[in-house]
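Visitor: predicted model follows, preceded by the sequence.
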Amino acid sequence: MIFRYLLLILGVWSCSTAAILIKLSTIEPVYLASIRLLLASLLLLPLHLHARKRYPGQAPKLRTVLLPAVFLAMHFVLWIVAARMIPAANGALIANLVPLVMPIALWLMVSEKPKSRELFATVIAMTGVGVMVSYDLFESGSLLEALTEQRSYLRGDLLAFSAMCMLTVYLVLAKRNKAVPSIWLYIVPVYAVAGVMCLPLAVMLHGSPPRLDLEQTGLLLALVILPTVMGHTLLNIAMWWFRGQVVSIFNLFQFTFTGVMAYLILDGEMPTNALYVAAATVVTAVVILVWSKKEKTLEPTDCTKPIMATQES
């Protein structure tokens, strides 16, 4: 169990690097999402082919991976745009407030009902988001200016919040599809289909593909390996191992990793004052959620498939 928690923490940290790498990259958002997903699927293709040999005829149909691919593609595009509009820690905090909507998504999609204390914690966390958005609105000067200014923090907050909702549904779909005998049979097609979906939109919005120098190529590869291949894959595996709300609580702490890295890497980028208030309310909500849970370890028969899929590769 400790090993699984360590892998989950590694996945959370890996995902937290995305905001920094996206800010440093100059590749157009939709192209960045598409190339990132397609390269991730290419790197993981050998594991997918190995799983197909081990489980012949058990690869998921296109309809199984299509819906999670749609939500993953929307999450990537929205998140990349938002991450370049607001401070890294703000974006990471909002984009990873998965506990806000995870209980509802779990209830509606996999019949995992939330507890009353989980709903109470959600209200507390939402209060923190409200504080941050209100602060950004005040800084913008007026509602009209906040909504029309391209670099407005408020607009970035709203895009980041939308990206968080897409991420939540995408993760819950991973739990709903855990009957797939290997994570590699599932996640690799999801990445590939999502990347293909983004490509025509990238051509429509941005024109010809970007020309990459050595620095931008390095940043792109880092985005592929860290938050995608490692981060998103480990989060999907965790959704097979744990209750969904446990994964969402751990994932919420991305903003702490991102805030520290932003300060160290992005020319001392300081979080806004509202972030500290929002972080305090979110941490309070996390504590309530953790205390409200009596986590039940999965029986070996329930978690054999994701473990085998991870170890055999």
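Guide: On my side now, so go ahead. All values reported here derive from a predicted model rather than from experimental measurement. Numbers count the residues shown, from 1 in each chain.
Visitor: gap between residue 52 and residue 67?
Guide: Taking CB to CB, to the nearest Å as the measure, residue 52 falls 21 Å from residue 67. Every C-beta, even on glycine, is put in place using the N, C-alpha and C of the backbone.
Visitor: I meant residue 232, not that one.
Guide: Distance from residue 232 to residue 67, by CB to CB: 16 Å.
Visitor: now residue 25
Guide: The value you get for residue 25 to residue 67, if CB to CB is used, is 28 Å.
Visitor: quick one: which of the two has more around it?
Guide: Counting neighbours by other CB atoms under 10 Å for residue 25 and for residue 67 shows that residue 25 has the greater number, 23 against 16.
Visitor: what residues are up against that one?
Guide: 32, 216, 219, 220, 223 (CB atoms under 8 Å, 6 or more residues apart in numbering).
Visitor: tell me the pLDDT at it?
Guide: pLDDT for residue 25: 92.
Visitor: need the phi and psi values for it.
Guide: Residue 25 has phi and psi values of phi -80, psi 150 when expressed as degrees, to the nearest 10.
Visitor: helix or strand: which one has residue 258?
Guide: Residue 258 is part of helix 254-265 when elements are defined by DSSP states H and E.
Visitor: by contact count, what packs against that helix?
Guide: helix 2-24, helix 88-95, helix 273-292 (3 or more CB pairs under 8 Å, 6 or more residues apart in numbering; DSSP states H and E).
Visitor: show me what contacts residue 110?
Guide: Taking CB under 8 Å, 6+ apart as the test, what residue 110 contacts is 172, 175, 176, 244.
Visitor: quick one: residue 257 and residue 21, what's the gap?
Guide: Distance, residue 257 to residue 21, using CB to CB: 13 Å.
Visitor: ok, residue 59 next?
Guide: Taking CB to CB, one finds residue 59 at 31 Å from residue 21.
Visitor: what of residue 2?
Guide: The separation that residue 2 has from residue 21, given CB to CB, amounts to 29 Å.
Visitor: could you check which of these two has the larger neighbour count?
Guide: The neighbour comparison of residue 2 against residue 21 (other CB under 10 Å) goes to residue 21, with 22 against 6.
Visitor: apart from its chain neighbours, what residue comes closest to that one?
Guide: Nearest non-adjacent residue to residue 21, counting by CB to CB, 6 or more residues apart in numbering: residue 223, 4.8 Å away.
Visitor: what's around the one you found, how many residues?
Guide: 27.
Visitor: OK, contacts around it?
Guide: Residue 223 touches 18, 21, 22, 25, 32, 36, counting by CB under 8 Å, 6+ apart.
Visitor: switch the cut-off to 10 Å
Guide: Applying CB atoms under 10 Å, 6 or more residues apart in numbering to residue 223 gives the contacts 17-18, 20-22, 24-25, 27, 32-33, 35-36, 39-40, 80, 229, 231.
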